[in-house]
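Peer 1: model the following, please.
(one chain, ligands or ions: 1)
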Amino acid sequence: MQKQTSVNYSEGKFQPIIDKCEGCERVVEESGNQYCQTYLFPKAKWKLGICNFATHAKPEIIVTNVRVNPLKAAKRASKR
Ligand code: SF4
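Peer 2: The predicted structure follows:
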């Protein structure tokens, strides 16, 4: 028996993506429909919050501002 290597997204196992998936790099298109390369049921993935496979959306990260010495920053800028 020959092993099937390519994935057939329109086979029925894969559910089309939802609007929240738009922009994600894991979206693949087949026969006019868009599917997720990684997850069979994208809708379920988003039910509990942000999809952890998403490449376009990340949970909010608290960004701490790094203190910049204005004098040093000006020096660095003038070197360019
Ligand atoms: S990885 Fe997540 S966000 Fe990206 S297409 Fe799949 S289900 Fe959607």
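Peer 1: so what's N8 scoring on pLDDT?
Peer 2: The pLDDT attached to N8 in the predicted structure is 84.
Peer 1: that one: neighbour count?
Peer 2: Neighbour count for N8, taken as other CB atoms under 10 Å: 11. Placement of C-beta: from N, CA and C, glycine included.
Peer 1: next one: it from E30, what distance?
Peer 2: The spacing between N8 and E30, counted by CB to CB, to the nearest Å, is 8 Å.
Peer 1: equivalent analysis for L71, please.
Peer 2: Applying CB to CB to L71 and E30 gives a distance of 57 Å.
Peer 1: between those two, who's got more neighbours?
Peer 2: Shown here are L71 and E30; by other CB under 10 Å, E30 has more neighbours (14 against 8).
Peer 1: how close does that one sit to V66?
Peer 2: As defined by CB to CB, E30 lies at a distance of 44 Å from V66.
Peer 1: again with C36
Peer 2: From C36 to V66 the distance is 36 Å (CB to CB).
Peer 1: between the two, who's got more neighbours?
Peer 2: Regarding C36 and V66, a neighbour count based on other CB under 10 Å identifies C36 as having more, with 24 against 5.
Peer 1: isn't the more buried one right up against I18?
Peer 2: No: C36 lies out of contact with I18 (CB atoms under 8 Å); the separation is 9.3 Å.
Peer 1: need the residues touching each of the two.
Peer 2: P42 (CB atoms under 8 Å, 6 or more residues apart in numbering).
Peer 1: up against the ligand, what does the chain have?
Peer 2: Residues of the chain lying close to the ligand by CB under 6 Å from any ligand atom are 17, 21, 24, 26-27, 36, 38-39, 42, 45, 51, 53-54.
Peer 1: show me which of those are buried.
Peer 2: Burial of the residues of the chain next to the ligand was assessed by neighbour count (16 or more other CB atoms under 10 Å); the buried members are 17, 21, 24, 26-27, 36, 38-39, 42, 45, 51, 54.
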